[in-house]
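Asker: mind folding the following:
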Amino acid sequence: MLSASIEIGFLVLMGIIIAVKAGSANTIEVFTLKPLDGNFSLLFFAMIFSIPLFAGSGTVITLAEETRGSLKTIKRSIWISMIVLLIALLVPAYALTVGYGVSNMASFAALNDPGIIIFEKYGGIAAGIILIILTVNSYLSSNVSLMSSVSRVIYSLGRDGVLPKSVTKIHPRYSSPYIAVLMLEVGGIIVAIIPSLAYGPFEGALILFSINIFALLFTHILVNASLPIYVRKNGKKMNPITHILLPVISILIGGIVIYYSAVASIAQGNPITTAVFIGLAYVAFAAIFGYAFGSLRPERIANIGYVSVEESL
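Answerer: Below is the predicted model of the structure:
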């Protein structure tokens, strides 16, 4: 929390400084399609890189059983994290755009380190060094945070009988599902090293990102599609806006983003093209496997989520 607060505070502060120093370069055009010449396809393609930045905001849900007053706490946490993310991303993004120049943004991505270059331009070398330190710290802390939350998902699946019971082992001192955490870390290291050795760190990262983003978007599409079914199946009160309208809008946007990102990525040629097909193949495999598992072991699927989160004092 301390390091995240420092990072966000620094980004917002530098964003304000850059915007102020940019002077007449400030413009509302940043929030329009004019910089893209009205090209909607480029907008949706760009979303493939921005949507994952909000993915972590929902990870607090996986820690629900480990909080006090869990239902209210989780609801507040999601709202707070979304608002903080919006501020932390919107202010620096706007500042970097006007600081570099709206008309120059076509060459922005070609810079080696655009954020560092612009921060040093408006804040001196100290600003660039601080950004580097905070960025490295952010990646490390983000990995710890995501692994902690995802390990709870694996733990829950083991507890519900979908995965082996061994993943539910709790560390005697830290009270964490350490087997699930170790499994994720080791698997993550192996998956990260293979494409990096084959294609280098930069292209290796792009390959993994391309594979991951399609799985991530399809996961959100499936979750949104399952929400009204879950509500109806469990006899809960159906809200037309939150349970039907918003999920449908999210599904449509996700589908459009997937389409445009796939078309643009495939046009890049190998190895990115191959990565896109691997990502789509993984989604297809996961869907088939999930359906087959549910058909062969319906009793295990029925037990998923049998431990509910109750309001605690």
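
Asker: from Leu43, how far out is Tyr94?
Answerer: Computed with C-beta to C-beta, to the nearest Å, the distance linking Tyr94 and Leu43 is 16 Å. The C-beta positions use only the backbone N, C-alpha and C, and glycine is treated the same way.

Asker: higher neighbour count, these two?
Answerer: Tyr94 (18 against 14; other C-beta atoms under 10 Å).

Asker: quick one: the more buried one and Val12 touch, right?
Answerer: No: using C-beta atoms under 8 Å, Tyr94 makes no contact with Val12, being 10.9 Å away.

Asker: just give me the neighbour total for Ile201.
Answerer: If you look again at residue 201, you'll see it is Pro, not Ile. 11.

Asker: for Gly158, same thing?
Answerer: 19.

Asker: likewise for Leu53?
Answerer: Neighbour number of Leu53 under other C-beta under 10 Å is 12.

Asker: now do the contacts for Leu157.
Answerer: Contacts for Leu157 (C-beta atoms under 8 Å, 6 or more residues apart in numbering) come out as 163, 167, 304.

Asker: give me the element it is part of.
Answerer: Under the criterion of DSSP states H and E, Leu157 resides in helix 114-159.

Asker: what's the first helix or strand after that helix?
Answerer: helix 178-199.

Asker: what is that next one packed up against?
Answerer: helix 114-159, helix 201-233 (3 or more C-beta pairs under 8 Å, 6 or more residues apart in numbering; DSSP states H and E).

Asker: in the last one, what counts as buried?
Answerer: Neighbour-count burial for helix 201-233, counted by 16 or more other C-beta atoms under 10 Å, picks out 204, 206-214, 216-218, 220-222, 224, 227-228, 231.

Asker: elements contacting whichever helix or strand comes after that helix?
Answerer: Tracing the chain C-terminally past helix 201-233 and defining elements by DSSP H and E, one meets helix 246-266 next. In terms of contacts (3+ C-beta pairs under 8 Å, 6+ apart), helix 246-266 is packed against helix 40-50, helix 201-233, helix 272-296.

Asker: follow-up on the earlier one: quick one: closest of the helices and strands packed on helix 178-199 to Ile251.
Answerer: Ile251 lies closest, by C-beta to C-beta, to one member of those: helix 201-233, at 5.2 Å.

Asker: any idea of the mean pLDDT for that closest one?
Answerer: For helix 201-233, mean pLDDT is 84.

Asker: do the same with stretch 20-27
Answerer: On average, stretch 20-27 scores 93.

Asker: flag every buried residue along the helix or strand hosting Ile78.
Answerer: Ile78 is part of helix 70-100, with elements assigned from DSSP H and E. Buried residues in helix 70-100, counted by 16+ other C-beta under 10 Å: 70, 73-74, 77, 81, 88-89, 91-92, 94-100.

Asker: send the alpha carbons of stretch 170-184 over as CSV?
Answerer: Taking C-alpha atoms only, stretch 170-184 is exported to CSV below (Å, rounded to 0.1, in the frame of the first residue of the first chain):
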residue,chain,number,x,y,z
ILE,A,170,-1.6,-24.1,4.2
HIS,A,171,1.8,-22.9,5.4
PRO,A,172,2.2,-23.5,9.1
ARG,A,173,3.7,-20.0,9.8
TYR,A,174,2.2,-17.7,7.1
SER,A,175,-1.2,-19.3,6.7
SER,A,176,-1.0,-19.0,2.9
PRO,A,177,-1.6,-21.7,0.3
TYR,A,178,2.1,-22.1,-0.4
ILE,A,179,1.9,-25.1,-2.7
ALA,A,180,-0.4,-23.2,-5.0
VAL,A,181,1.9,-20.1,-4.8
LEU,A,182,5.0,-22.2,-5.6
MET,A,183,3.2,-24.0,-8.5
LEU,A,184,2.3,-20.6,-10.0
